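Colleague: Have a look at this prediction, sequence included:
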Amino acid sequence: MPIEFLIPQQLSIDGLQSQLREYVSLQNEPLKTLNRTAYDTFDWRVHAHGSVLEQEADGKGATLIWRALDNHHRHEQIPLNQAPHFVWDLPPGRFRDQLQPILEMRELIPLVSTHSRIHTFRVLNSQEKTVLRLAIEENTLQAPKGKKAHKLDNRILVLPVKGYRKPVERVKKILQGLGLNPATDDIILKALSVAGHSPGSYSSKLNLHLDPAMRADEATKQILRRLLDMMMTNEAGTRNGSDTEFLHDFRVAIRRTRSALAQIKGVFPQRTINRFKDVFAWLGQLTSPTRDLDVYLLTYDDYRNSLPSSAQNDLEPLRGFLLKHQKIEHGKLVAGLDSARYRKALKDWRAFLETRVPQRSTLANAKRPVHEVAGERIWRVYRRVLKEGQAIHPDTPAEALHELRKTCKKLRYLMEFFQSLYPAGDIKSLIRVLKALQDNLGNFQDFEVQVMTLKQFSHQMMEEGAVAPETLMAMGMLVENLERRQQQARKEFAERFGGFAEAENRKHFRGLFAPPAPKTEKSQL
């Protein structure tokens with residue numbers, strides 16, 4: 001693997017070459033230029049994987065390279081002249097298959113571009129055999145048109161040749177003796193820093209740090225301010241519409257806000273709660289149609305692959321229908337975000353959140369420590385989950401599972417809101433077991449909704465124009481598949497709920513959230 005050293009600013013490239021020639025025999029290779037563009041998703045999935053995705057162009061062609069940050073090891077590389085956008089735009093093969101689980105549905109964004117002049121030398125031994133290569137890079141951060149480029153660190157890369165270890169160690173000592181220090185960061189990380197990017201700066205997680213003694217009304221406002229920040233961070237991407245996860249995160253922030261207003265009780269006046277619950281209910285309705293169609297488009301390949309190969313092409317008109325209506329609904333969504341109603345709602349909401357809580361309050365929980373309020377509320381909703389789940393049997397109507405799903409979501413949001421008040425390992429493990437139950441209930445609900453929606457789509461497609469009988473048959477087979485999967489999810493429910501409600505988990509829930517038992521008269525003496 002290459003070993004990098006930083007070249008001090010006061011040391012010129014020619015000066016370094018001259019000093020090196022006093023110790024080793026160098027043979028020049030032709031000067032090269034290299035342009036690199038680094039890509040990542042908005043939520044930094046490539047960086048979180050500990051790697052870099054960059055396109056290198058040397059004037060002869062371009063290569064997309066996926067490499068590790070710590071040692072430059074190349075996972076994969078493919079020739080690719082056009083800019084990458086989504087993983088499914090890449091050529092089929094190993095590169096795409098390995099990158100897909102990391103990127104999933106997120107769009108790649110060009111973050112920084114660098115230009116390098118590379119002076120390459122072969123280090124020769126006494127028999128004039130090449131035992132090592134050195135590459136001196138003059139690096140520049142490319143700037144947008146009309147702006148000045150930024151100088152980056154010049155670096156020298158020691159490139160080992162197989163079978164020759166000693167020359168590497170010798171040259172490393174020479175470079176250190178000349179005052180060069182090993183590079184501690186990747187040139188792309190340096191470029192990101194200079195450009196003002198902070199890898200990992202965005203996360204869809206709340207990442208709150210609440211003080212257990214904080215007043216519950218102030219803590220709730222802190223939670224809601226964080227959710228508003230998440231909405232605003234994702235608004236531009238929601239408007240753009242190419243990366244569906246912006247709208248997803250935008251909607252999650254809306255749902256969490258509605259849940260916080262409804263579930264953290266006794267901290268705000270009911271009139272205020274009702275006013276803003278209506279606002280966020282409207283936003284939920286505004287964003288729902290586009291998100292639903294996004295999900296169907298993201299799921300389309302799974303739908304297609306679930307059919308016999310002879311029927312897969314027959315489903316293609318459904319994709320065209322989904323694309324057409326997704327575009328229409330996204331237009332309506334953007335119009336809603338451009339409306340005076342939306343601007344006023346955000347202005348009023350921000351003003352409420354930034355107003356200091358009143359020093360005095362007659363509300364039941366406003367001035368109480370948030371740790372007490374959180375524990376009581378989580379414990380109450382948890383007990384409701386147990387009660388509703390225990391009442392479900394094989395012949396229980398599906399509505400009961402849907403209600404349990406809603407209650408589980410309320411519990412999940414409450415636990416995430418107040419996660420920082422509890423030992424991290426304990427509460428995360430309980431969120432995991434809750435999520436396993438939620439996944440089952442969510443699948444059961446999703447399959448049912450998809451069955452109903454696909455039936456509606458088939459009628460709508462017929463109303464909008466002629467539809468081939470083969471397409472309707474393919475959609476019918478798809479509905480049958482989804483109905484079987486829903487039945488399977490129903491069969492799995494008892495096992496999933498049993499795992500959630502087992503004695504050990506009950507003990508942990510009680511230990512974290514149950515209010516202390518009231519003291520008896522004797523214990524108070």
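Modeller: Thanks, I have the structure now.

Colleague: what helices or strands is the lengthiest helix in the chain leaning on?
Modeller: Of all the segments assigned as helix in the chain under DSSP state H, the longest by residue count is helix 424-464. Judged by 3 or more C-beta pairs under 8 Å, 6 or more residues apart in numbering; DSSP states H and E, helix 424-464 is in contact with helix 270-305, helix 316-337, helix 398-417, helix 469-500, helix 503-513. Just so you know, the C-beta spots here come from the backbone N, C-alpha and C atoms, and that holds for glycine as well.

Colleague: mind redoing it with 10 Å?
Modeller: Applying 3 or more C-beta pairs under 10 Å, 6 or more residues apart in numbering; DSSP states H and E, one finds that helix 424-464 contacts helix 270-305, helix 316-337, helix 370-390, helix 398-417, helix 469-500, helix 503-513.

Colleague: Now tabulate those in TSV and tack on distance to Asp211.
Modeller: Formatted as TSV, the helices and strands packed on helix 424-464 follow (distance: least, C-beta to C-beta, whole Å):
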stretch	distance to Asp211
helix 270-305	24
helix 316-337	35
helix 370-390	8
helix 398-417	14
helix 469-500	30
helix 503-513	18
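
Colleague: is it true that Gly442 touches Arg405?
Modeller: Yes. The criterion here is C-beta atoms under 10 Å, and Gly442 meets it with Arg405 at 6.4 Å.

Colleague: quick one: which of the two has more around it?
Modeller: Here Gly442 and Arg405 are compared on neighbour count by other C-beta atoms under 10 Å; more neighbours surround Arg405, at 19 against 15.

Colleague: where does the protein dip in pLDDT?
Modeller: 71-72, 518-525 (pLDDT under 70).

Colleague: Which residue ranges make up each domain of it?
Modeller: Using automatic domain parsing, the domain parsing of the chain gives 3-194, 215-368, 369-515.

Colleague: how long is the first one end to end?
Modeller: Looking back up the chat, that one is domain 3-194. End-to-end span of domain 3-194 (C-alpha to C-alpha, to the nearest Å): 22 Å.

Colleague: Relative to the whole chain's centre, how far out is that domain?
Modeller: Centre-to-centre, domain 3-194 and its host chain are 27 Å apart (C-alpha atoms, centre = their mean, to the nearest Å).

Colleague: quick one: the helices in the stretch 1-150 of the chain?
Modeller: 13-21, 45-48, 94-103 (DSSP state H, counting those that start in this stretch).

Colleague: which one of those helices is the most hemmed in?
Modeller: Most buried of these by mean neighbour count (mean count of other C-beta atoms under 10 Å) is helix 45-48; its value is a mean of 19.

Colleague: ok, and what's touching that one?
Modeller: 38-41, 51-54, 66, 69, 99, 101-104, 106, 108, 111, 188-189, 192, 197, 199-200, 203 (C-beta atoms under 10 Å, 6 or more residues apart in numbering).

Colleague: Just the buried ones among those, please.
Modeller: 38-41, 51-54, 66, 69, 99, 102-103, 106, 108, 111, 188-189, 192, 197, 199 (16 or more other C-beta atoms under 10 Å).

Colleague: residues of stretch 341-352 that come out buried?
Modeller: Quick answer for stretch 341-352 (16+ other C-beta under 10 Å): 342, 345-346, 349.

Colleague: And stretch 149-163, by the same measure?
Modeller: Here stretch 149-163 shows 152-160 as buried, counting by 16+ other C-beta under 10 Å.

Colleague: quick one: which of those sit in strands?
Modeller: Secondary structure from DSSP state E places 154-160 of those in strands.

Colleague: In those, find the pair that's most separated.
Modeller: Asn154 and Pro160 (20.9 Å; C-beta to C-beta).

Colleague: wait, what's in contact with Ser201?
Modeller: 43-44, 233.

Colleague: Among those, pick out the one closest to Ser361, please.
Modeller: Among the contacts of Ser201, and counting by C-beta to C-beta, the member closest to Ser361 is Thr233, at 31.2 Å.

Colleague: ok, for Leu441, nearest residue in space, not its chain neighbours?
Modeller: Excluding its sequence neighbours, the residue lying closest to Leu441 (C-beta to C-beta, 6 or more residues apart in numbering) is Arg405, at 3.9 Å.

Colleague: That neighbour contacts Val449, correct?
Modeller: No. Using C-beta under 10 Å, Arg405 makes no contact with Val449, being 11.5 Å away.

Colleague: hey, C-alpha coordinates of stretch 56-75 in PDB?
Modeller: What follows is stretch 56-75 as a C-alpha-only set of coordinates in PDB (Å, rounded to 0.1, in the frame of the first residue of the first chain):
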ATOM      1  CA  GLU A  56     -10.200   9.700 -11.400                       C
ATOM      2  CA  ALA A  57      -9.600  11.200 -14.800                       C
ATOM      3  CA  ASP A  58      -6.200  11.500 -16.400                       C
ATOM      4  CA  GLY A  59      -7.100  12.800 -19.800                       C
ATOM      5  CA  LYS A  60      -7.200   9.400 -21.400                       C
ATOM      6  CA  GLY A  61     -10.200   8.100 -19.600                       C
ATOM      7  CA  ALA A  62     -12.000   8.000 -16.200                       C
ATOM      8  CA  THR A  63     -12.200   5.300 -13.500                       C
ATOM      9  CA  LEU A  64     -14.500   5.100 -10.500                       C
ATOM     10  CA  ILE A  65     -12.600   3.900  -7.500                       C
ATOM     11  CA  TRP A  66     -13.900   2.700  -4.200                       C
ATOM     12  CA  ARG A  67     -11.100   2.500  -1.700                       C
ATOM     13  CA  ALA A  68     -10.500   2.300   2.100                       C
ATOM     14  CA  LEU A  69      -9.700   5.500   3.900                       C
ATOM     15  CA  ASP A  70      -7.100   4.100   6.200                       C
ATOM     16  CA  ASN A  71      -4.800   2.200   3.800                       C
ATOM     17  CA  HIS A  72      -5.800   3.200   0.300                       C
ATOM     18  CA  HIS A  73      -6.800  -0.500  -0.400                       C
ATOM     19  CA  ARG A  74      -9.000  -0.500  -3.400                       C
ATOM     20  CA  HIS A  75     -12.200  -2.500  -2.800                       C
END
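
Colleague: Buried ones in it, by neighbour count?
Modeller: Quick answer for stretch 56-75 (16+ other C-beta under 10 Å): 56-57, 62, 64-67, 69, 75.

Colleague: would you turn the buried residues of stretch 149-163 into CSV with distance to Ala213?
Modeller: Shown next, in CSV, are the buried residues of stretch 149-163 (distance: C-beta to C-beta, whole Å):
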residue, distance to Ala213
Leu152, 47
Asp153, 47
Asn154, 53
Arg155, 50
Ile156, 55
Leu157, 54
Val158, 55
Leu159, 58
Pro160, 58
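
Colleague: Alright, calling it a day.
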